[in-house]
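Student: When you get a sec, could you give me coordinates for this:
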Amino acid sequence: MFEVLRKLSWFYKASWKKYTVAVLLLCIANALAILPPLLVGKTVDAIHQSTLTQEYLTQQIVTLGMAIIVMYSVSFVWQYQLFSGANSLEKQYRSRLMKKFLAMTPSFYEKNRTGDLMARATNDLTAVADTAGFGILTLADSTIYLVTIIVTMGFMVSWKLTLLAILPLPILAFAMKVLGKKIHERYMKAQAAFGEMNDGVLEAVEGVRVVRAYVQERDMEAQFAQMTEDVYQKNIQVKRIEALFNPLTKIITTLSYMIGLGYGAVLVSRGEMTVGGLVMFNVYLGMIVWPMFAIGELINVMQMGNASLDRVEETLNTKEVVVDPMDTILTGAPQTIDFTNLAFTYPQSDRVNLAAINLRIARGETIGVVGKTGSGKSTFVKQLLREYPKGSGDLAFGNHTIEAYAKSQVRDLIGYVPQSNVLFSRTVRENILFGKPSATEEELQQAVRLADFDKDVERLPEGMYTRVGEKGVALSGGQKQRISIARALIREPEILLLDDALSAVDAKTEARIITNIREVRAHKTTIIVTHRLSAIQHADTIIVLEDGKIIEQGTHASLLALGGWYKDQYDRQQLGEVTS
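Tutor: Sure, this is the predicted structure:
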């Protein structure tokens, strides 16, 4: 149960001053809590013995009032120290998770669902923070406070009565251990189900247009109802175990009360205890109720915190599959990019996705990449982004293999426009400046012009300050593509990768964008993946991929003369333009 505290020992060591102050003040507050019953007991004895005076009563009331004021002040400080520490832990873990999410490559997200990752960054972190805050409180109260009261009862009242009254406590401890283990197991299942439900909600929201288009609203509602029912049932199983804590604690407490009152009355009748002592003992016995409840809460919080911490640490301990070298190469823009017998297979794939790729790209060249759907075009481009470990063969920037560079160095050289346009729920301006936050107004306007988006901006409700909606829902496909292109161009990257980035624009818009890119990138490398051959007729080299292999390579003219796949595809597209 206390394993979670060992796992968090690094945090307690770093925050030892804050937690030391909190625990010490908590101990002081617990010690002060002994005074009220003691004062009540002595006052009852004074009344019973007819020795109570106005002066004595005033003294007892003033002492009680001062104790309450001090307890309040001390409690404020320890609560602030303790729970601010818990919030600090949650903040640190949340930052570490975000850093991990941003550092991980696509293979990580292929294995982990977004909804489950969100559950770990929210519910699980809350449970861990509860362990660092409320868990320490219940630990102190279920041990220090309980021991303090029991010792006080023994010394100030009667050891005989105290020993008999606490006899039921071992039964409670054993029962809590059994129940705690079951809570851990069931809570892990409940959190996993919550992650699945989160993932289902995300998919439903992201695909709401498709759901409506196919009239699948009722089916989605049924699926979601099933997932929520699963989460509900698993959480109910946790709550069933939790619900046993309070009744069990009350039963044990009642047994203690019965012993205290029964045997206490016997001791009073024998003259071994005063009436005030019996009243004091029963007040102390009532104060034991919270520590006994705290034992149940402690096990509950610790088990949930341990389960949640395991899930969080599992994510944080995931190793990056693409790591930076110990000593990175410091160099400028590469003069060449060389693919030498490069082969690559995705981690989840059962076939080779790229095979024997041999290609040299000189700085300033434009490369066209074409081929059938699924032929490996996007895979070819992604090799330059270092998103996956390099396969066999070699990929070099200049005189050094790509693995000699840090990932950040490689990506700083690249402006990438993927097939799926990722826009943030901000303004058009902010989405473009995401590529270069320090860009001037002139650079921003030039990027908009190069992407042929200037006329569209004029038609938007608030121009550059128009919000695009989540994932660009307020824009057309062509507008989203051109914003993505502008975001890449504003970086003025050494290498521009356009992965089918012109598929949603018409032929005239495509021609203007290509012309603009050729003008401003005459001495920089551009790689264009496309299905529309008109976008790459100007390219210095065009490669045709099929099943991950280069089957044709050359200029537009030489490939037409070759009479292969490229020539056949070109003729089909020309015929399509004529008939349309």
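Student: Tell me how many other residues crowd the spatially closest residue to Ile402 that is not a sequence neighbour.
Tutor: With C-beta to C-beta, 6 or more residues apart in numbering as the criterion, Ile402 has its nearest non-adjacent residue at 4.8 Å, and that residue is Leu395. Backbone N, C-alpha and C define where each C-beta goes, glycine included. Applying other C-beta atoms under 10 Å, we find 20 other residues in the vicinity of Leu395.
Student: Equivalent analysis for the one 10 residues further on, please.
Tutor: If you count neighbours by other C-beta under 10 Å, Tyr405 ends up with 23.
Student: so Gln537 touches Leu559, yeah?
Tutor: No: with contact taken as C-beta atoms under 8 Å, Gln537 and Leu559 are classed as non-touching, separated by 10.0 Å.
Student: So for these two, which sits in the more crowded spot?
Tutor: Of the pair Gln537 and Leu559, Leu559 is the one with more neighbours under other C-beta under 10 Å, namely 24 against 14.
Student: beta partners of Thr541?
Tutor: Beta bridges link Thr541 to Ile367 when assigned by DSSP bridges.
Student: hang on, it packs against Val370?
Tutor: No: the pair Thr541 / Val370 is not scored as a contact, 11.6 Å apart, by C-beta under 8 Å.
Student: quick one: which of the two has more around it?
Tutor: Between Thr541 and Val370, counted using other C-beta under 10 Å, the more crowded position is Val370 (25 against 21).
Student: what's near enough to touch Leu172?
Tutor: Contact analysis of Leu172 by C-beta atoms under 8 Å, 6 or more residues apart in numbering lists 248-249, 252, 292, 295.
Student: Look up how far Leu278 lies from Val157.
Tutor: Applying C-beta to C-beta, to the nearest Å, the value for Val157 to Leu278 is 8 Å.
Student: Please say which of those two ends up with more neighbours.
Tutor: Between Val157 and Leu278, Val157 has the larger neighbour count (other C-beta under 10 Å), namely 27 against 21.
Student: what about the closest residue in space to the more buried one that isn't next to it in sequence, distance to Ala561?
Tutor: Nearest non-adjacent residue to Val157, counting by C-beta to C-beta, 6+ apart: Phe281, 4.5 Å away. Noted for Phe281: a distance of 106 Å to Ala561, by C-beta to C-beta.
Student: How about Ile259?
Tutor: 103 Å.
Student: Looking only at neighbour counts, state which of those two leads.
Tutor: Set Ile259 next to Ala561 and count neighbours by other C-beta under 10 Å: Ile259 wins out with 19 against 11.
Student: Look up how far Ser88 lies from the more buried one.
Tutor: 44 Å.
Student: Kindly report the same for Asn358.
Tutor: From Asn358 to Ser88 the distance is 54 Å (C-beta to C-beta).
Student: do Ala406 as well
Tutor: For Ala406, the distance to Ser88 - C-beta to C-beta - is 31 Å.
Student: what does the worst-scoring helix or strand of the chain on mean pLDDT rub up against?
Tutor: The weakest-scoring helix or strand in the chain, judged by mean pLDDT, DSSP states H and E, is helix 208-213 (a mean of 72). Here helix 208-213 makes contact (C-beta under 8 Å, 6+ apart) with 204, 217, 220.
Student: What backbone torsions are found at the last one?
Tutor: I take that to be Met220. phi -60, psi -40 (degrees, to the nearest 10).
Student: Tell me which residues touch it, please.
Tutor: Per C-beta under 8 Å, 6+ apart, neighbours of Met220: 204, 211.
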